[in-house]
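>>> sequence and predicted structure are below.
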Amino acid sequence: MTGKEKLVGLVSLVGLILCFSAQASLSAIPDTPDTNAWITDGPVYAIVTDPVNQITYIGGGFTQVGPRTGYGVPINASTGSPESSYPQVNGKIYTVIPDGSGGRYIGGSFTKVGSLTRNRVARILSDGTVDSAWNPSANNLVYALAISGSTVYAGGWFTSIGGEARNRIAAIDAANGNATDWNPNANNLVYALATSGSTVYAGGGFTSIGGEARNYIAAIDAATGSATDWNPNANNLVYALAISGSTVYAGGAFTSIGGDLFSYFAQFKPGAPTVWEEITFATGGGCFIATAAYGTPMAKEVKSLCKFRDDVLLKTPAGREFVKLYYATSPPIADFIRNKPGLKAMVREALKPLIWFSELRKEQIK
(Lines give C-alpha, C1' and ligand atoms only; values in the text may rest on other atoms or scores of the structure.)
Protein backbone atom coordinates (compact mmCIF):
# COMPACT_ATOMS: atom_id res chain seq x y z
CA MET A 1 0.00 0.00 0.00
CA THR A 2 1.44 3.31 -1.03
CA GLY A 3 1.65 6.36 1.25
CA LYS A 4 -1.14 8.05 -0.70
CA GLU A 5 -3.43 5.06 -0.25
CA LYS A 6 -2.70 4.98 3.48
CA LEU A 7 -3.60 8.69 3.76
CA VAL A 8 -6.88 8.20 1.89
CA GLY A 9 -7.73 5.24 4.12
CA LEU A 10 -6.99 7.22 7.28
CA VAL A 11 -9.16 10.14 6.15
CA SER A 12 -12.01 7.76 5.33
CA LEU A 13 -11.73 6.11 8.72
CA VAL A 14 -11.85 9.46 10.50
CA GLY A 15 -14.85 10.54 8.45
CA LEU A 16 -16.64 7.29 9.23
CA ILE A 17 -15.97 7.71 12.96
CA LEU A 18 -17.24 11.30 12.91
CA CYS A 19 -20.35 10.23 11.04
CA PHE A 20 -21.16 7.51 13.55
CA SER A 21 -20.43 9.93 16.41
CA ALA A 22 -22.83 12.54 15.00
CA GLN A 23 -25.55 9.92 14.47
CA ALA A 24 -25.12 8.63 18.02
CA SER A 25 -25.33 12.19 19.35
CA LEU A 26 -28.47 12.99 17.32
CA SER A 27 -30.13 9.72 18.27
CA ALA A 28 -29.83 10.76 21.93
CA ILE A 29 -31.92 13.91 21.34
CA PRO A 30 -35.53 13.37 22.46
CA ASP A 31 -38.37 14.01 20.02
CA THR A 32 -40.34 16.11 22.52
CA PRO A 33 -39.43 19.77 23.26
CA ASP A 34 -37.84 20.90 26.51
CA THR A 35 -40.77 22.18 28.59
CA ASN A 36 -38.46 24.46 30.56
CA ALA A 37 -37.35 26.42 27.48
CA TRP A 38 -38.69 29.93 26.97
CA ILE A 39 -41.09 30.63 24.11
CA THR A 40 -42.16 33.58 21.94
CA ASP A 41 -45.53 35.13 21.11
CA GLY A 42 -44.85 35.12 17.36
CA PRO A 43 -43.00 33.28 14.59
CA VAL A 44 -39.21 32.76 14.73
CA TYR A 45 -37.42 33.05 11.37
CA ALA A 46 -33.75 32.79 12.35
CA ILE A 47 -31.64 31.03 14.99
CA VAL A 48 -27.91 31.43 15.67
CA THR A 49 -26.10 29.63 18.48
CA ASP A 50 -22.97 30.60 20.41
CA PRO A 51 -21.73 27.30 21.94
CA VAL A 52 -18.77 28.95 23.67
CA ASN A 53 -20.91 31.33 25.72
CA GLN A 54 -23.98 29.02 25.65
CA ILE A 55 -26.19 31.69 24.13
CA THR A 56 -28.88 31.25 21.48
CA TYR A 57 -29.96 34.24 19.39
CA ILE A 58 -33.38 34.29 17.71
CA GLY A 59 -35.17 36.70 15.41
CA GLY A 60 -38.66 36.89 13.96
CA GLY A 61 -42.11 38.41 14.25
CA PHE A 62 -42.44 38.13 18.02
CA THR A 63 -42.70 40.95 20.58
CA GLN A 64 -42.28 38.96 23.79
CA VAL A 65 -40.08 36.13 25.03
CA GLY A 66 -40.75 34.41 28.32
CA PRO A 67 -41.26 31.17 30.24
CA ARG A 68 -43.77 28.66 28.93
CA THR A 69 -46.55 28.87 31.51
CA GLY A 70 -49.44 27.27 29.67
CA TYR A 71 -52.84 29.02 29.59
CA GLY A 72 -52.96 29.97 33.27
CA VAL A 73 -50.57 30.56 36.13
CA PRO A 74 -50.70 32.38 39.48
CA ILE A 75 -48.88 35.72 39.53
CA ASN A 76 -46.91 36.84 42.57
CA ALA A 77 -48.77 39.86 43.97
CA SER A 78 -45.53 41.64 44.90
CA THR A 79 -43.21 40.94 41.96
CA GLY A 80 -45.69 40.27 39.13
CA SER A 81 -43.73 37.14 38.22
CA PRO A 82 -45.46 33.81 37.51
CA GLU A 83 -45.16 31.09 40.11
CA SER A 84 -42.41 28.66 39.12
CA SER A 85 -43.98 25.42 40.35
CA TYR A 86 -47.42 25.22 38.78
CA PRO A 87 -48.91 22.64 36.40
CA GLN A 88 -49.25 23.75 32.81
CA VAL A 89 -52.76 23.85 31.37
CA ASN A 90 -53.08 23.00 27.67
CA GLY A 91 -56.23 25.00 26.90
CA LYS A 92 -58.13 28.14 27.77
CA ILE A 93 -59.23 28.81 31.35
CA TYR A 94 -62.54 30.66 31.57
CA THR A 95 -63.12 30.57 35.32
CA VAL A 96 -61.09 30.20 38.53
CA ILE A 97 -62.38 30.01 42.12
CA PRO A 98 -60.57 29.32 45.41
CA ASP A 99 -61.14 25.92 47.01
CA GLY A 100 -60.96 27.30 50.55
CA SER A 101 -57.74 25.42 51.33
CA GLY A 102 -55.18 27.47 49.41
CA GLY A 103 -55.85 25.73 46.10
CA ARG A 104 -58.29 26.46 43.30
CA TYR A 105 -60.82 24.97 40.92
CA ILE A 106 -60.50 25.86 37.23
CA GLY A 107 -62.83 25.45 34.27
CA GLY A 108 -62.39 26.03 30.56
CA SER A 109 -61.59 24.27 27.28
CA PHE A 110 -58.47 22.37 28.38
CA THR A 111 -58.01 18.59 28.34
CA LYS A 112 -54.77 18.27 30.29
CA VAL A 113 -53.40 19.84 33.48
CA GLY A 114 -49.80 19.01 34.28
CA SER A 115 -49.32 15.36 33.34
CA LEU A 116 -52.93 14.36 34.05
CA THR A 117 -55.91 14.24 31.71
CA ARG A 118 -58.49 16.74 32.95
CA ASN A 119 -61.39 17.51 30.64
CA ARG A 120 -62.39 21.15 31.09
CA VAL A 121 -62.52 21.15 34.89
CA ALA A 122 -59.87 20.42 37.51
CA ARG A 123 -58.66 21.12 41.02
CA ILE A 124 -55.14 22.35 41.73
CA LEU A 125 -54.03 21.91 45.33
CA SER A 126 -52.22 24.49 47.45
CA ASP A 127 -48.86 22.84 46.75
CA GLY A 128 -49.33 23.29 43.00
CA THR A 129 -50.14 19.66 42.23
CA VAL A 130 -53.27 18.44 40.47
CA ASP A 131 -55.79 16.71 42.72
CA SER A 132 -55.62 13.11 41.52
CA ALA A 133 -58.92 12.20 43.19
CA TRP A 134 -61.08 15.00 41.73
CA ASN A 135 -61.93 14.50 38.07
CA PRO A 136 -65.52 15.40 37.02
CA SER A 137 -64.52 15.32 33.30
CA ALA A 138 -66.99 17.57 31.44
CA ASN A 139 -67.70 16.69 27.81
CA ASN A 140 -67.78 20.33 26.69
CA LEU A 141 -66.80 23.83 27.77
CA VAL A 142 -67.04 24.98 31.38
CA TYR A 143 -67.61 28.74 31.62
CA ALA A 144 -68.54 29.21 35.27
CA LEU A 145 -67.78 27.76 38.69
CA ALA A 146 -69.06 28.63 42.15
CA ILE A 147 -68.58 26.93 45.50
CA SER A 148 -70.81 26.67 48.53
CA GLY A 149 -69.82 24.43 51.42
CA SER A 150 -68.95 21.00 50.09
CA THR A 151 -70.47 21.59 46.64
CA VAL A 152 -68.91 23.02 43.49
CA TYR A 153 -71.43 24.33 40.96
CA ALA A 154 -70.48 24.28 37.28
CA GLY A 155 -72.04 25.98 34.28
CA GLY A 156 -71.20 25.88 30.60
CA TRP A 157 -71.96 24.04 27.37
CA PHE A 158 -71.56 20.46 28.62
CA THR A 159 -74.19 17.73 28.66
CA SER A 160 -72.22 15.32 30.85
CA ILE A 161 -70.12 15.99 33.95
CA GLY A 162 -69.23 14.15 37.14
CA GLY A 163 -70.24 10.83 35.59
CA GLU A 164 -73.85 11.92 34.98
CA ALA A 165 -75.93 13.49 32.22
CA ARG A 166 -76.28 17.15 33.16
CA ASN A 167 -77.38 19.83 30.71
CA ARG A 168 -75.16 22.90 31.08
CA ILE A 169 -75.42 23.22 34.87
CA ALA A 170 -74.51 20.81 37.64
CA ALA A 171 -73.50 20.39 41.28
CA ILE A 172 -70.27 18.48 41.92
CA ASP A 173 -69.12 16.94 45.20
CA ALA A 174 -66.08 18.98 46.23
CA ALA A 175 -64.35 15.89 47.64
CA ASN A 176 -64.83 13.14 45.05
CA GLY A 177 -65.82 14.98 41.84
CA ASN A 178 -69.10 13.11 41.36
CA ALA A 179 -72.27 14.88 40.25
CA THR A 180 -74.95 15.19 42.92
CA ASP A 181 -78.68 14.64 42.28
CA TRP A 182 -79.15 18.41 41.76
CA ASN A 183 -80.24 18.89 38.15
CA PRO A 184 -81.81 22.21 36.99
CA ASN A 185 -81.44 21.17 33.31
CA ALA A 186 -80.81 24.41 31.41
CA ASN A 187 -81.89 24.40 27.75
CA ASN A 188 -78.94 26.55 26.63
CA LEU A 189 -75.49 27.53 27.81
CA VAL A 190 -74.74 28.92 31.28
CA TYR A 191 -72.15 31.70 31.39
CA ALA A 192 -72.27 32.80 35.02
CA LEU A 193 -72.97 31.41 38.49
CA ALA A 194 -73.12 32.91 41.97
CA THR A 195 -74.30 31.50 45.30
CA SER A 196 -75.95 33.07 48.32
CA GLY A 197 -77.23 30.93 51.18
CA SER A 198 -79.64 28.36 49.80
CA THR A 199 -79.86 29.95 46.35
CA VAL A 200 -77.78 29.51 43.20
CA TYR A 201 -78.02 32.34 40.67
CA ALA A 202 -77.40 31.53 37.00
CA GLY A 203 -76.97 33.68 33.91
CA GLY A 204 -76.47 32.71 30.27
CA GLY A 205 -78.31 32.03 27.05
CA PHE A 206 -81.07 29.78 28.40
CA THR A 207 -84.82 30.36 28.29
CA SER A 208 -85.70 27.42 30.52
CA ILE A 209 -84.03 26.25 33.73
CA GLY A 210 -85.09 24.60 36.95
CA GLY A 211 -88.33 23.41 35.36
CA GLU A 212 -89.53 26.96 34.59
CA ALA A 213 -89.37 29.47 31.75
CA ARG A 214 -86.58 31.88 32.69
CA ASN A 215 -84.99 34.20 30.16
CA TYR A 216 -81.20 34.43 30.56
CA ILE A 217 -81.18 34.82 34.36
CA ALA A 218 -82.63 32.77 37.20
CA ALA A 219 -82.43 31.86 40.87
CA ILE A 220 -82.39 28.14 41.66
CA ASP A 221 -83.08 26.38 44.94
CA ALA A 222 -79.80 24.80 46.07
CA ALA A 223 -81.65 21.86 47.60
CA THR A 224 -84.21 20.97 44.94
CA GLY A 225 -82.78 22.37 41.69
CA SER A 226 -86.09 24.09 40.98
CA ALA A 227 -86.31 27.72 39.86
CA THR A 228 -87.54 30.13 42.52
CA ASP A 229 -90.14 32.84 41.91
CA TRP A 230 -87.39 35.42 41.24
CA ASN A 231 -87.69 36.26 37.54
CA PRO A 232 -86.00 39.44 36.19
CA ASN A 233 -86.71 38.29 32.60
CA ALA A 234 -83.76 39.79 30.70
CA ASN A 235 -84.15 40.33 26.96
CA ASN A 236 -80.64 39.12 26.06
CA LEU A 237 -77.63 37.19 27.30
CA VAL A 238 -76.32 37.51 30.86
CA TYR A 239 -72.55 37.03 30.97
CA ALA A 240 -71.66 37.89 34.56
CA LEU A 241 -73.10 37.66 38.07
CA ALA A 242 -71.76 38.75 41.44
CA ILE A 243 -73.15 38.98 44.97
CA SER A 244 -72.21 41.41 47.72
CA GLY A 245 -74.17 41.06 50.94
CA SER A 246 -77.82 41.06 49.91
CA THR A 247 -77.25 42.64 46.49
CA VAL A 248 -77.04 40.76 43.20
CA TYR A 249 -75.23 42.33 40.23
CA ALA A 250 -75.81 41.23 36.63
CA GLY A 251 -73.96 42.16 33.46
CA GLY A 252 -74.58 41.16 29.88
CA ALA A 253 -75.94 42.14 26.48
CA PHE A 254 -79.47 42.92 27.71
CA THR A 255 -81.21 46.29 27.28
CA SER A 256 -84.26 45.37 29.33
CA ILE A 257 -84.41 43.50 32.62
CA GLY A 258 -86.88 43.39 35.48
CA GLY A 259 -89.57 44.92 33.29
CA ASP A 260 -87.63 48.14 32.74
CA LEU A 261 -85.03 49.65 30.43
CA PHE A 262 -81.60 48.86 31.81
CA SER A 263 -78.73 48.28 29.45
CA TYR A 264 -75.85 45.90 30.11
CA PHE A 265 -75.70 46.23 33.90
CA ALA A 266 -78.24 45.95 36.69
CA GLN A 267 -78.24 45.81 40.46
CA PHE A 268 -80.90 44.01 42.49
CA LYS A 269 -81.66 44.78 46.15
CA PRO A 270 -84.10 42.95 48.43
CA GLY A 271 -87.41 44.67 49.08
CA ALA A 272 -88.22 42.05 51.73
CA PRO A 273 -86.36 39.07 53.23
CA THR A 274 -87.70 36.69 50.59
CA VAL A 275 -89.04 39.01 47.86
CA TRP A 276 -86.57 40.70 45.50
CA GLU A 277 -88.25 43.57 43.76
CA GLU A 278 -86.11 46.65 43.13
CA ILE A 279 -83.64 47.25 40.31
CA THR A 280 -81.78 50.32 41.51
CA PHE A 281 -79.09 51.16 38.98
CA ALA A 282 -78.00 50.69 35.42
CA THR A 283 -76.57 52.77 32.60
CA GLY A 284 -78.97 53.65 29.82
CA GLY A 285 -78.68 52.29 26.31
CA GLY A 286 -77.74 54.11 23.15
CA CYS A 287 -79.34 57.33 21.89
CA PHE A 288 -80.16 55.89 18.48
CA ILE A 289 -81.44 58.91 16.55
CA ALA A 290 -78.81 61.32 17.91
CA THR A 291 -76.05 58.82 17.20
CA ALA A 292 -77.25 58.40 13.62
CA ALA A 293 -77.49 62.18 13.17
CA TYR A 294 -74.02 62.96 14.55
CA GLY A 295 -72.34 59.83 13.18
CA THR A 296 -70.82 58.59 16.45
CA PRO A 297 -71.96 57.86 20.02
CA MET A 298 -68.85 59.75 21.20
CA ALA A 299 -70.10 63.13 19.92
CA LYS A 300 -70.46 65.63 22.79
CA GLU A 301 -74.07 66.31 21.77
CA VAL A 302 -74.95 62.61 21.97
CA LYS A 303 -73.25 62.29 25.35
CA SER A 304 -75.19 65.30 26.61
CA LEU A 305 -78.52 63.80 25.53
CA CYS A 306 -77.67 60.39 27.05
CA LYS A 307 -76.75 62.06 30.34
CA PHE A 308 -80.04 63.98 30.33
CA ARG A 309 -81.88 60.71 29.83
CA ASP A 310 -80.01 58.96 32.67
CA ASP A 311 -79.98 61.84 35.16
CA VAL A 312 -83.42 63.32 34.51
CA LEU A 313 -85.83 61.22 32.44
CA LEU A 314 -85.13 57.87 34.10
CA LYS A 315 -85.66 59.39 37.54
CA THR A 316 -89.41 59.89 37.09
CA PRO A 317 -92.26 57.54 36.07
CA ALA A 318 -93.30 59.86 33.21
CA GLY A 319 -89.73 60.07 32.00
CA ARG A 320 -89.37 56.30 32.05
CA GLU A 321 -92.51 55.91 29.97
CA PHE A 322 -91.16 58.44 27.45
CA VAL A 323 -87.86 56.54 27.21
CA LYS A 324 -89.72 53.25 26.69
CA LEU A 325 -91.64 54.82 23.82
CA TYR A 326 -88.41 56.22 22.38
CA TYR A 327 -86.68 52.83 22.41
CA ALA A 328 -89.72 51.19 20.82
CA THR A 329 -89.88 53.63 17.90
CA SER A 330 -86.41 55.15 17.36
CA PRO A 331 -84.30 52.27 15.88
CA PRO A 332 -86.02 52.22 12.45
CA ILE A 333 -85.93 56.04 12.31
CA ALA A 334 -82.20 56.00 13.06
CA ASP A 335 -81.63 53.40 10.35
CA PHE A 336 -83.60 55.50 7.86
CA ILE A 337 -81.62 58.72 8.35
CA ARG A 338 -78.15 57.21 8.93
CA ASN A 339 -77.01 57.39 5.29
CA LYS A 340 -78.94 60.53 4.28
CA PRO A 341 -76.81 63.67 4.88
CA GLY A 342 -79.72 66.07 4.31
CA LEU A 343 -81.98 64.37 6.86
CA LYS A 344 -79.10 64.08 9.35
CA ALA A 345 -78.53 67.84 9.13
CA MET A 346 -82.25 68.50 9.71
CA VAL A 347 -82.30 66.20 12.76
CA ARG A 348 -79.23 67.93 14.19
CA GLU A 349 -81.00 71.27 13.89
CA ALA A 350 -84.14 69.85 15.49
CA LEU A 351 -82.12 68.47 18.42
CA LYS A 352 -80.38 71.75 19.24
CA PRO A 353 -83.09 73.06 21.62
CA LEU A 354 -83.12 69.74 23.52
CA ILE A 355 -79.32 69.74 23.75
CA TRP A 356 -79.38 73.33 25.01
CA PHE A 357 -81.98 72.39 27.63
CA SER A 358 -80.02 69.30 28.70
CA GLU A 359 -76.87 71.40 29.16
CA LEU A 360 -78.84 73.97 31.16
CA ARG A 361 -80.32 71.25 33.32
CA LYS A 362 -76.85 69.80 33.91
CA GLU A 363 -75.65 73.16 35.20
CA GLN A 364 -78.68 73.43 37.49
CA ILE A 365 -77.97 69.96 38.93
CA LYS A 366 -74.40 71.04 39.70
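Looks like it came in fine.
>>> so Ile289 sits in a strand?
No - Ile289: not assigned to a strand; according to DSSP: H, G, I helix; E, B strand; the rest coil it is helix.
>>> change the start of the numbering to 36 and stick with it
Sure, I'll start numbering at 36, so the last one becomes Ile324.
>>> quick one: residues contacting it.
By Cβ atoms under 8 Å, 6 or more residues apart in numbering, the contact set of Ile324 is Ser365, Ile368, Ala369, Ile372, Val382. The C-beta positions use only the backbone N, C-alpha and C, and glycine is treated the same way.
>>> could you rerun that using 7 Å?
Residues near Ile324 by Cβ atoms under 7 Å, 6 or more residues apart in numbering: Ser365, Ile368, Ala369, Val382.
>>> host element of the second one?
Counting by DSSP states H and E, the element that carries Ile368 is helix 352-372.
>>> buried residues, that helix. List them.
Val358, Tyr361, Tyr362, Ser365, Ala369, Ile372 (16 or more other Cβ atoms under 10 Å).
>>> again with stretch 102-120
Those would be Thr104, Gly105, Gly107, Val108, for stretch 102-120 by 16+ other Cβ under 10 Å.
>>> how close does the third one get to Gln123?
Gly107 sits 9 Å away from Gln123 when distances are taken as Cβ to Cβ, to the nearest Å.
>>> try the second one
As for Gly105, its distance to Gln123 is 3 Å (criterion: Cβ to Cβ).
>>> same question for the last one.
Here Val108 is placed at a distance of 8 Å from Gln123 (Cβ to Cβ).
>>> check the first one too.
Using Cβ to Cβ, we find Thr104 at a distance of 7 Å from Gln123.
>>> shaky segments in the chain?
Counting by pLDDT under 70, the chain has low-confidence residues at 36-62, 295-296, 305-321, 362-363, 396-401.
>>> which of the helices or strands spans the residue nearest in space to the middle of it?
Central residue of the chain (Cα atoms, centre = their mean): Tyr129, 5.1 Å from the mean position. Assigned by DSSP H and E, Tyr129 belongs to strand 128-133.
>>> isn't Ala257 right next to Thr234, touching?
Yes - with contact defined as Cβ atoms under 7 Å, Ala257 counts as touching Thr234 (6.2 Å).
>>> overlap in contacts of Val108 and Gln123?
By Cβ under 7 Å, 6+ apart, no residue touches both Val108 and Gln123.
>>> mind giving me the domain ranges of the protein?
68-103, 108-316, 323-400 (automatic domain parsing).
>>> for these, state which one has the densest average packing.
For the domains of the chain, average neighbour numbers computed from mean count of other Cβ atoms under 10 Å are highest in domain 108-316, which has a mean of 18.
>>> ok now that domain, how far from the chain's centre?
11 Å (Cα atoms, centre = their mean, to the nearest Å).
>>> same question for stretch 93-107.
On Cα atoms, centre = their mean, the centre of stretch 93-107 falls 23 Å from that of its chain.
>>> now do that stretch: distance from first to last residue.
In stretch 93-107, first residue to last residue: 25 Å (Cα to Cα, to the nearest Å).
>>> and the contacts of Ile324 as CSV, adding distance to Gly95?
As requested, the contacts of Ile324 are exported to CSV (distance: Cβ to Cβ, whole Å):
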residue, distance to Gly95
Ser365, 51
Ile368, 52
Ala369, 47
Val382, 52
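>>> among those residues, which two are most distant?
For these, the farthest-apart pair by Cβ to Cβ is Ser365 and Val382; their separation is 11.2 Å.
>>> and Thr75, bridged to which residues?
Val100 (DSSP bridges).
>>> and the buried residues of helix 352-372, which two are the farthest apart?
Val358 and Ile372 (19.9 Å).
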